[in-house]
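**Student:** Task: produce atomic coordinates for the following.
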Amino acid sequence: MSRIPNADFVLDRQDRAILRILQCNNKTPQRVIADEVNLSAAAVQRRIAAMEAEGVIVGNVAIVNPEAVSATITSIVEVQLVDERAATVDRAKALFRDTPEVQQCFYVTGGISCVLIIVAPNMRSYEGLTRRLFAENEAVKSFRSLVALDRVKTETSIVIP
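**Tutor:** Numbering: from 1, shown residues only. Next comes the predicted model:
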């Protein structure tokens, strides 16, 4: 779970430029970033460290192609909980957060409680997962699975003004 960034930390034009570069490729050498944003490599290193410390940058990961590791089922799941009491919601969030196959989980408005993105190796394991997370979970009133036919766009970067 990512932490809330420090509200007092202000990103300037160069910080934003550094973030744009890192979102495209976080392995870009700091000297290359420095040339692109008109700073020294040491200044880029300090700015990146500060953005990590302040919760602006929350991680550096490798994005794995699911097909390369035989994770062939991607499903978007809408979950409606039995109620929206804090204890019910908190338990559901913890369960979803702690389930490795749940790639993303959003607590939402609009008649459903949560939307999850789940990646599983095959339909048999996906069925077992849905039984455990939803069908046999007394906190879940209903759920609906939308199995993806194609991963058209799965970007992780955000637009930085």
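
**Student:** Quick check: mean pLDDT of stretch 153-161?
**Tutor:** Averaged over stretch 153-161, pLDDT sits at 91.

**Student:** hey, C-alpha coordinates of the host helix or strand of residue 94 in CSV?
**Tutor:** Using DSSP states H and E, residue 94 sits within helix 86-97. Taking Å, rounded to 0.1, in the frame of the first residue of the first chain, the C-alpha atoms of helix 86-97 are listed here in CSV:
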residue,chain,number,x,y,z
ALA,A,86,-16.2,0.4,8.4
ALA,A,87,-15.4,-3.1,9.8
THR,A,88,-16.8,-4.9,6.8
VAL,A,89,-15.0,-2.7,4.3
ASP,A,90,-11.7,-2.8,6.2
ARG,A,91,-11.8,-6.6,6.4
ALA,A,92,-12.5,-6.9,2.7
LYS,A,93,-9.8,-4.4,1.8
ALA,A,94,-7.3,-6.4,3.9
LEU,A,95,-8.3,-9.7,2.3
PHE,A,96,-8.0,-8.2,-1.2
ARG,A,97,-4.7,-6.4,-0.4
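
**Student:** so how far is the next helix or strand after it from its chain's centroid?
**Tutor:** Next helix or strand after helix 86-97 toward the C-terminus (DSSP H and E): strand 102-107. Between the centre of strand 102-107 and the centre of its chain there are 7 Å (CA atoms, centre = their mean, to the nearest Å).
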